[in-house]
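[1] Whatever this is, show me its structure:
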Amino acid sequence: MNTRKEVALEEMLRVLNTLIDMYVKCGCLEEARRVFNEMEERTVVSCPAMIQGLAMNGLAMHERHMGLVDECHRFFSGMTRNYGIIPEIEHFGSMVDLFSRAGLLQEAHEYIMNMHIKPNGVV
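    The predicted model follows:
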């Protein structure tokens with residue numbers, strides 16, 4: 001059973017992830033990045049929300065130099081190990097999109113070639 005503190009943390013993470021999602025969809029990337037940077041703990045939802053926002057706004061290349069690509073790669077790599085989540089085609093699609101927009105085409109190709117899922121229209 002979760003303690004009150006654990007439940008409060010989970011609820012706070014949901015709120016912060018929702019804020020990131022809202023900000024990126026509204027084009028307020030500075031605010032989304034501020035929330036992301038100030039999070040004490042991030043989840044497998046936090047990073048994809050930032051990835052999608054950057055991709056939607058054409059700024060993935062800029063974030064390559066700020067370390068978000070590496071951080072998102074670490075989150076993706078730890079999804080199964082840390083959270084027990086098996087990546088779906090959409091997860092791979094987000095990473096391939098991020099790498100491609102950041103100009104890391106070799107990394108994008110490697111993700112596609114090493115997926116445990118057959119590529120489709122998403123990837």
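
[2] And the helices in the protein, which stretches?
    4-25, 29-38, 46-56, 60-64, 68-83, 89-101, 105-114 (DSSP state H).

[3] pLDDT below threshold where in this structure?
    In the predicted model, the chain carries pLDDT under 70 at residues 1, 59-66.

[4] buried ones in stretch 19-34?
    Of all the residues in stretch 19-34, those buried under the rule 16 or more other C-beta atoms under 10 Å are Leu19, Ile20, Asp21, Tyr23, Val24, Cys28, Leu29, Ala32, Arg33. In short, each C-beta sits where N, CA and C put it, glycine included.

[5] thought the third one was touching Pro48?
    No: Asp21 is beyond contact range of Pro48, at 9.4 Å (criterion: C-beta atoms under 8 Å).

[6] list the contacts for Phe99?
    Counting by C-beta atoms under 8 Å, 6 or more residues apart in numbering, Phe99 touches Val69, Leu105, Glu107, Ala108, Tyr111.

[7] Relative to Met95, how far out is Glu110?
    10 Å (C-beta to C-beta, to the nearest Å).

[8] So if I had to pick from those two, which one is more boxed in?
    Remark: of Glu110 and Met95, Met95 carries more neighbours, 26 against 13, as counted by other C-beta atoms under 10 Å.
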